[in-house]
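Engineer: Give the three-dimensional model of this entry:
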Amino acid sequence: SSPVAWSSFWTGSWSKDHLIFDFLLRNPRNYMVQPSVVDTQWKPRFFPPYSFKNLRVGNPFYEYLDACKVGFSVLSAPFIFPSDTALKYGNVHMGIGVPDILGTNSTFAVITDDTSLLKKTLSGGIAIKADNSEGENEFNSFIPGPKQLSVDNDSSRQGGHQIHIQLFQKEKQAKIKSEDISLTLSLNKPSEKVIITFLNQDKKPIKGQTYFIFKKMKPLILYVAPVGIDPQQPLWNITIPPNFIKDLHKENAEMRTIGWPSDTSALGEGIISSEDFMNEALNEMEIQEKMTIRAIQDKKKAFISTFFTATDRVSHMFLKDGPFYDGTGNMTSAKKGVSKKKKNTSNDTAISETPIVTIYKKMDTVIGNILKNLTDETMIIMSDHGFHSFTKGFSINTWLLKKGYIKLNDDNPKYGDNDILLKDVIWEKTQAYS
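Structural biologist: Got it, this is the predicted structure:
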């Protein structure tokens, strides 16, 4: 898995040495699972209200570069967070593993008055009630902030960022106002990245970065991207040195500050569309390309490591039906580029432009642009894993449940795809679980 591969990459050692064996780690205190690399603890009386610990053993190789006085730049480094190692000759920008402001990998919010959506358990997301007691086109709601109280639909919840939404039916627009922002959104058009403020229990301000997509007028569906830290006033360090994030953001105003910027959960839940997802993925690639070329042009840097994650995210979401699946139910032929629903009349031998084709064409362009900025340097392209489509899966816990190894409070559970992991397990009578 990725945490294992990248931990070995950083440390040059095997799992038995760096002690990362999987994506998840079992917590023996409560039998639940947690991320294998970053341990997050909620500390309500502290500021910030979380503590993070990287569980990997061993030093990343760039520390040895620094000790040898070799200049370097490491961009969007996976599974390095948190790290406060002092470096003299290089800088590090942390990627996968950097949490959102809720302390999670990435949790989106959807503000809605759709009662069925409000009752639904969303994987990787929270549905928040939009209150229209002031009028049919006027809504009050909030954006969940750092963990203050239990998550619920109370619009006055302490720690949430209060917003007012006004709909304009004729123009198909929504206006969002709060103490920090005033935005006019058109349907299915993402907003710019904005900074919003939350208050902790001691009324200390905590600033976060997000953006919105107005998805539907009636019922109201407003997507709120996972809230990252404010790059100009970071709540925790995501770069070495700490101020490096400020420099990166000044040059790339649209860059995100979470390790998982492509919202796979919101796409999987149908809250955002394939087009929304691809727009963010392509934007992420352009920012990463710009940061990489800027680092190459710094002649003090003898080693540069840069990580592009969009190909991974797009492949995870669209490869299940083959590389030529267009995300809308159409399948194209690898040989002729012909859709099952519509023939490609412009060029029968061309491959149709599907998300995977688009993202890999973009990656090819990015590599070409990077090569143009190199002279006699060595360039190595590598990945932590490949991809293949599949149509079947095996649920180990379902098998254990049917065989009697797992015991539940309910003899006939009716679980959905997004039910809480290991819900209703009677641990005293359970022999094995996965």
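
Engineer: what does the strand or helix carrying Tyr64 rub up against?
Structural biologist: Taking DSSP states H and E as the definition, Tyr64 sits inside helix 62-67. Where contact means C-beta atoms under 8 Å, 6 or more residues apart in numbering, the residues beyond helix 62-67 that reach it are 72, 74, 85, 87-90, 92, 303, 305. The C-beta positions use only the backbone N, C-alpha and C, and glycine is treated the same way.

Engineer: Greatest separation within those residues: which pair is it?
Structural biologist: The span of the contacts of helix 62-67, defined through C-beta to C-beta, is set by Lys88 and Ser305 at 17.7 Å.

Engineer: which one of the two has more residues nearby?
Structural biologist: For the pair Lys88 and Ser305, the greater number of neighbours falls to Ser305 (20 against 9), based on other C-beta atoms under 10 Å.

Engineer: which residue sits closest to that one in space, ignoring its chain neighbours?
Structural biologist: Nearest residue to Ser305 in three dimensions, chain neighbours excluded: Val74, at 4.7 Å (C-beta to C-beta, 6 or more residues apart in numbering).

Engineer: mean confidence for the helix or strand containing that neighbour?
Structural biologist: Element membership of Val74 [criterion: DSSP H and E] is strand 72-77. Per-residue pLDDT values over strand 72-77 give a mean of 97.

Engineer: what's the helix or strand just after it packed up against?
Structural biologist: Using DSSP H and E, the helix or strand that follows strand 72-77 towards the C-terminus is strand 90-94. The elements that strand 90-94 packs onto, with contact taken as 3 or more C-beta pairs under 8 Å, 6 or more residues apart in numbering; DSSP states H and E, are helix 62-67, strand 72-77, strand 239-240, helix 244-251.

Engineer: Select, out of those, the one closest to Ser15.
Structural biologist: Smallest distance to Ser15 across these (C-beta to C-beta): 19.0 Å, for strand 72-77.

Engineer: May I have the closest one as CSV, with CA atoms only?
Structural biologist: Backbone C-alpha positions of strand 72-77 (Å, rounded to 0.1, in the frame of the first residue of the first chain) are rendered in CSV as follows:
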residue,chain,number,x,y,z
PHE,A,72,17.2,20.2,-2.1
SER,A,73,13.4,20.8,-2.5
VAL,A,74,10.8,18.1,-1.7
LEU,A,75,7.3,19.1,-2.8
SER,A,76,3.9,17.5,-1.8
ALA,A,77,5.8,14.8,0.1
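
Engineer: Pull the residues that contact it.
Structural biologist: Strand 72-77 is touched from outside by 10, 62, 65-66, 80, 89-96, 288, 291-292, 295, 298, 301-309, with contacts defined as C-beta under 8 Å, 6+ apart.

Engineer: Where does pLDDT dip in the stretch 201-350 of the chain?
Structural biologist: 201, 321-350 (pLDDT under 70).

Engineer: change it to 80
Structural biologist: Low-confidence regions of the stretch 201-350 of the chain, defined by pLDDT under 80, span residues 201-203, 320-350.

Engineer: I'd like to know which elements the longest helix that the chain contains is packed against.
Structural biologist: What stands out as the longest helix in the chain, according to DSSP state H, is helix 274-297. When contacts are defined as 3+ C-beta pairs under 8 Å, 6+ apart, helix 274-297 packs onto strand 72-77, helix 244-251, helix 264-268, strand 303-306, helix 310-318, helix 355-372.

Engineer: Let's see that with 10 Å instead.
Structural biologist: With contacts defined as 3 or more C-beta pairs under 10 Å, 6 or more residues apart in numbering; DSSP states H and E, the secondary structure elements packing on helix 274-297 are strand 72-77, strand 90-94, strand 212-216, helix 244-251, helix 264-268, strand 303-306, helix 310-318, helix 355-372.

Engineer: what about the residue nearest to His316 when sequence neighbours are not counted, neighbour count?
Structural biologist: Beyond its immediate neighbours in the sequence, the residue positioned closest to His316 (C-beta to C-beta, 6+ apart) is Thr264, lying 6.4 Å away. Counted with other C-beta under 10 Å, the neighbours of Thr264 add up to 17.

Engineer: returning to what we had before: distance to Met32 for the helices and strands packed on helix 274-297 - can I get that in JSON lines?
Structural biologist: As requested, the helices and strands packed on helix 274-297 are exported to JSON lines (distance: least, C-beta to C-beta, whole Å):
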{"stretch": "strand 72-77", "distance to Met32": "28"}
{"stretch": "strand 90-94", "distance to Met32": "25"}
{"stretch": "strand 212-216", "distance to Met32": "32"}
{"stretch": "helix 244-251", "distance to Met32": "32"}
{"stretch": "helix 264-268", "distance to Met32": "19"}
{"stretch": "strand 303-306", "distance to Met32": "34"}
{"stretch": "helix 310-318", "distance to Met32": "24"}
{"stretch": "helix 355-372", "distance to Met32": "34"}
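
Engineer: which SS class is Leu374?
Structural biologist: Going by DSSP: H, G, I helix; E, B strand; the rest coil, the secondary structure assigned to Leu374 is coil.

Engineer: contacting residues around the nearest residue in space to it that is not next to it in sequence?
Structural biologist: Across the structure, with C-beta to C-beta, 6+ apart as the measure, the residue nearest Leu374 apart from its sequence neighbours is Ile296 (6.8 Å). Contact criterion C-beta atoms under 10 Å, 6 or more residues apart in numbering gives 73, 304, 306, 370, 372-375, 377, 379 as the residues in contact with Ile296.
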